[in-house]
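Student: Predicted model, plus sequence, below.
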Amino acid sequence: MSRRRRRGQTGGVNIFLVEDSIPVRERLAAMLGAIPGAEVVGQAAHAEAAIRGILAARPDVVLLDLNLAGQSSGFDVLRAVHPQAPEIDFYMLSNFAADPYRQLAGRLGARDFFDKSKEFERMCELIARRAAAAQGEPS
């Protein structure tokens, strides 16, 4: 069974969170949990755990923090996973949303880049539209 058909049967969007800040991760999980059809299927704070978890879960979407615990970054995760799973949509999150970071994220395969300090709502709106579309509802 293909990944897309399996997702279609569940009727929603599966999301993997990669964020090293526990309060931010909890806030994201709560915000996403309030969206009908959105389900958080995994979480990680470090690049190695994120890479393993994302490849195992094969979510529809990964919300990926730029700065992670240890000496790793979201770019490390994107470099490792995107070539192996190009069907997964990656969205970067950071308080450092300057153009060079946004451009590098795009070159590495991220679909968009959100500034955590002011674009949480825009990110949630995007996820809500995706979840509604996956459930066959008008967005």
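Tutor: Great, that's in hand.
Student: Return the distance of stretch 117-135 from the chain's centre.
Tutor: Centre-to-centre, stretch 117-135 and its host chain are 11 Å apart (C-alpha atoms, centre = their mean, to the nearest Å).
Student: Alpha carbons of stretch 14-34, as CSV, please.
Tutor: Included here for stretch 14-34 are C-alpha records, laid out as CSV according to Å, rounded to 0.1, in the frame of the first residue of the first chain:
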residue,chain,number,x,y,z
ASN,A,14,0.6,13.5,9.9
ILE,A,15,3.2,15.9,11.4
PHE,A,16,6.6,15.3,13.0
LEU,A,17,7.9,18.1,15.3
VAL,A,18,11.6,18.8,15.6
GLU,A,19,12.2,21.4,18.3
ASP,A,20,14.7,21.4,21.2
SER,A,21,12.7,23.8,23.4
ILE,A,22,10.2,21.8,25.4
PRO,A,23,7.8,24.7,26.0
VAL,A,24,7.8,25.6,22.3
ARG,A,25,7.4,21.9,21.3
GLU,A,26,4.5,21.6,23.8
ARG,A,27,2.9,24.8,22.4
LEU,A,28,3.2,23.6,18.8
ALA,A,29,1.7,20.2,19.7
ALA,A,30,-1.2,21.9,21.5
MET,A,31,-1.8,24.2,18.6
LEU,A,32,-1.6,21.5,16.0
GLY,A,33,-3.8,19.1,18.2
ALA,A,34,-6.6,21.7,18.0
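Student: which residues are in contact with stretch 70-88?
Tutor: Here stretch 70-88 makes contact (C-beta atoms under 8 Å, 6 or more residues apart in numbering) with 3-4, 18, 46-48, 50-51, 54-55, 58-62, 64-68, 90, 92-94, 104-105, 108-110. No exception for glycine: its C-beta is placed from N, CA and C like everyone else's.
Student: which stretches of the chain have low pLDDT?
Tutor: Within the chain, the segments meeting pLDDT under 70 span 1-10, 137-139.
Student: one more time with 90, if that's ok
Tutor: 1-12, 27, 69-72, 95-99, 116-124, 134-139 (pLDDT under 90).
Student: Going by residue numbers, what spans are strands in it?
Tutor: Using DSSP state E, the strands of the chain run over residues 13-18, 38-44, 61-65, 89-94, 112-115.
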